[in-house]
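Novice: no sequence on hand, only this structure:
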């Protein structure tokens, strides 16, 4: 059976660049959609445990959706004070799938098990190894993240839900909320439960 | 074959000041009004929630095709946007008025140039603009914040965060209040109440923030105006006397081979601080060798704006970032130095912030955090709050603060693009360091009063809220237009809004531009032929 990498390489030799990029995005999307377990297992390892397995799976699904709907070369919001235009870059989905494959390969090589079957501690250790040498301080934007684990973290921590979790309060950042309620201290967050 | 468009009044540009003028003339006259816009139609309201979502997720421009290709301009162009509604499609909706001192720099402080009008002259037009847009505001102390009538809408309520920050400012002897905003604190003229989506800039998904399309759409539906998009005006042409504009020449971007002539009794240039001067300078002809309305040589000169000093402060307050981060506190306490004092004046505003409180990947020692560690670290740092403080300070514009035609860059129709350069007048250069030190000192006082910690301070070199280029005045030798916006050189040519400003003040200036435009509209309606009066 043709591996995903060889499949992408064969496409590169056969089609024009723009078309290739679209197909590579589609292939990567198919890959992460048809094999969600590695990403789900990664989410469970790197996201806060308070989310539980189901919460981590939902976060992973939201992240997949982000990747699936990414548009290359889309015009970004104009800068202020400049006439320069900027656009989104190549899809990050292709490198994320490669990195997920690498995590899977490392799990097989070092533990002789699937990544999803490792303990959270062992999965986290593999992620730490993968991130060695990367410059990591502030949370990057999702698209700029150098590794799928960081992108997943950036996606989750950019959410209104994460903000609420941090403050243990129903702030609802960037959501439509009654104006009249803004003067009140936000209500405490209802404890997360496994669904 | 050329195509002609006939009207009584031809408005060039469809931004916020054009909308003000058109609305006024459409209500009070029966004049045939044509509005010419170089850019495309804007994104309909119904599509804005989805556009906002993509902006939030990917940073994409939510305004579709809102620029002309090839318009890479040298210098600090405020925004590349060009579409129906102009820059005010993505403005923040912040609408403070200037203060009375803004109009009297020379007579009060011995610097700059007095405007030919006073704050009192402009007050009714401020009110008219506020009512047209729908401005929610809180009356500040009357000695600092005079106004003839109440705001049309009650204030945007202060969030829990801003209430705490207001107390903090008060502890530093600073009285602050809710920043006036063109956002609905209650449903207003068919538009809903603000629901704190908090993306006012660049896009309000529900229409609670005023944008010019809310004026254009009903005017177009009622056939009170004809708005022609994708048509770039390239020249204003004089009649044989050289005293009047006979017509304008434009290019229809969809049919560039077919020239468009715009014939009107009256022409109103409403292209903002860049494109207004640019068009006048492009309109070189035998009777106007330096461009139209430019006998003074001052078209494009005295570009005005203001700089800001900004800081982030860590405070021992439990704040909840995200409650309504675009709304702020404001004070005019520092806009009113006593007569004869040094010309150091600025506004001051305070926002909630998450600077220093954002989630991060590595702790203070640089160790990578994963899993619970990131959330734990974030929660620990979020026990205290942070605030953003900013002061816009006055910059007196120099004559050499200018827009010129760039000989090296042309658009696709062969016209030179503008080149922008902002320069301070010598008196502002001399006061810059002292002004910025004074603001930093004020920030320091606030930090101490709140037992806080200064996280960082910065000065923005960009001159914000730009204006000027066709400044108003009573003397035709030292100004381009009179106080009504009528050009000194041509009786049927007006320039309205931002370009007519003498100085940039020290607060967001869009409301002032609108008030100036409405004042022009009142004069224009008096001058329309009787048969066209409403």
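Specialist: Received, thanks. Just so we're clear, the structure is a prediction, and the values are computed from it rather than from any experiment.

Novice: contacts, neighbours, all on C-alpha from now
Specialist: Fine.

Novice: show me what the biggest strand by length in chain B is packed up against.
Specialist: In chain B, taking DSSP state E as the definition, the longest strand is strand B:453-469. On a contact count with 3 or more C-alpha pairs under 8 Å, 6 or more residues apart in numbering or on different chains; DSSP states H and E, strand B:453-469 meets helix B:272-282, strand B:301-315, helix B:426-449.

Novice: check contacts around the residue nearest in space to the middle of chain A.
Specialist: Taking C-alpha atoms, centre = their mean, the centroid of chain A lies closest to residue A:152, which sits 2.9 Å from it. Residue A:152 sits next to A:43, A:60, A:63, A:142 when contact means C-alpha atoms under 8 Å, 6 or more residues apart in numbering or on different chains.

Novice: quick one: secondary structure of it?
Specialist: Taking DSSP: H, G, I helix; E, B strand; the rest coil as the rule, one finds residue A:152 in the helix state.

Novice: quick one: pLDDT of it?
Specialist: Here the pLDDT value assigned to residue A:152 is 98.

Novice: mind checking which of the contacts of residue A:152 are in helices?
Specialist: A:43, A:60, A:63 (DSSP state H).

Novice: verify the stated contact: the second one with residue A:43.
Specialist: Spelled out, it's residue A:60. Yes: if you go by C-alpha atoms under 8 Å, residue A:60 and residue A:43 touch, sitting 6.0 Å apart.

Novice: gap between residue B:74 and residue B:218?
Specialist: Per C-alpha to C-alpha, to the nearest Å, residue B:74 is found 37 Å from residue B:218.

Novice: between these two, who's got more neighbours?
Specialist: A count of neighbours by other C-alpha atoms under 10 Å in any protein chain shown puts residue B:74 above the other of residue B:74 and residue B:218, at 17 against 13.

Novice: re the thing from before, tabulate the helices and strands packed on strand B:453-469 (CSV), appending distance to chain A, mean pLDDT and mean neighbour count.
Specialist: What follows is the helices and strands packed on strand B:453-469, written out as CSV (distance: least, C-alpha to the nearest C-alpha, whole Å; pLDDT from 0 to 100; neighbours: other C-alpha atoms under 10 Å in any protein chain shown):
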stretch, distance to chain A, mean pLDDT, mean neighbour count
helix B:272-282, 12, 98, 25
strand B:301-315, 12, 98, 26
helix B:426-449, 21, 96, 17
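
Novice: ok, back up a step: ok, so of the contacts of residue A:152, who is nearest residue B:43?
Specialist: The closest of these to residue B:43 turns out to be residue A:142 (C-alpha to C-alpha; 26.3 Å).

Novice: contacting residues for the closest one?
Specialist: By C-alpha under 8 Å, 6+ apart, the residues touching residue A:142 are A:150-152, A:154-155.

Novice: next one: residue B:154
Specialist: B:136-138, B:185-186.

Novice: cutoff 6 Å now
Specialist: Neighbour list for residue B:154: B:136-137 [criterion: C-alpha atoms under 6 Å, 6 or more residues apart in numbering or on different chains].

Novice: name the SS class of residue B:34, please.
Specialist: Under three-state DSSP, the three-state class of residue B:34 is strand.

Novice: can you count the residues close to it?
Specialist: Other residues near residue B:34 number 24, with proximity taken as other C-alpha under 10 Å.

Novice: any idea how far chain A is from it?
Specialist: From residue B:34 across to chain A, the span is 28 Å (C-alpha to the nearest C-alpha, to the nearest Å).

Novice: how about the residues of chain A by chain B?
Specialist: Within reach of chain B by C-alpha under 6 Å from any C-alpha of the partner chain, chain A has these residues: A:46-48, A:75-77, A:80-83, A:137-139, A:166, A:173-179, A:182-185.

Novice: quick one: which of those sit in helices?
Specialist: Per DSSP H, those map to helices at A:46, A:166.

Novice: report the buried members of the residues of chain A next to chain B.
Specialist: With neighbours counted by 16 or more other C-alpha atoms under 10 Å in any protein chain shown, the residues of chain A next to chain B contain buried members at A:46-48, A:75-77, A:82-83, A:137, A:139, A:166, A:173-175, A:177, A:179, A:182, A:185.

Novice: which positions in the stretch 51-200 of chain B make contact with chain A?
Specialist: For the stretch 51-200 of chain B, the contact set with chain A under C-alpha under 6 Å from any C-alpha comprises B:59-61, B:72-73, B:76-80, B:158-160, B:195-198.

Novice: what segments of the chain are helices?
Specialist: No chain was given, so I picked chain A. Using DSSP H, the helices assigned to chain A run over residues A:4-14, A:17-34, A:37-46, A:52-68, A:93-111, A:120-131, A:148-157, A:160-167.

Novice: was after chain B, sorry
Specialist: With DSSP H as the criterion, chain B has helices at B:16-28, B:48-58, B:105-109, B:119-133, B:160-171, B:213-221, B:272-282, B:372-381, B:426-449, B:510-527.

Novice: for residue A:23, which of the ones you listed is the nearest?
Specialist: helix B:48-58 (20.4 Å).

Novice: could you pull out the buried residues of the closest one?
Specialist: Within helix B:48-58, the residues that qualify as buried are B:48, B:51-52, B:54-55, B:57-58, counting by 16+ other C-alpha under 10 Å.

Novice: number of nearby residues for residue 168?
Specialist: No chain specified, so I'll use chain A. When neighbours are counted by other C-alpha under 10 Å, residue A:168 registers 18.

Novice: I was after chain B.
Specialist: By the measure other C-alpha under 10 Å, the count of residues near residue B:168 is 20.

Novice: over to residue B:69?
Specialist: Neighbourhood size, residue B:69 [other C-alpha under 10 Å]: 9.

Novice: would you confirm that residue B:177 contacts residue B:333?
Specialist: No: between residue B:177 and residue B:333 there is no contact, the gap being 11.0 Å when judged by C-alpha atoms under 6 Å.

Novice: right, I'll leave it there.
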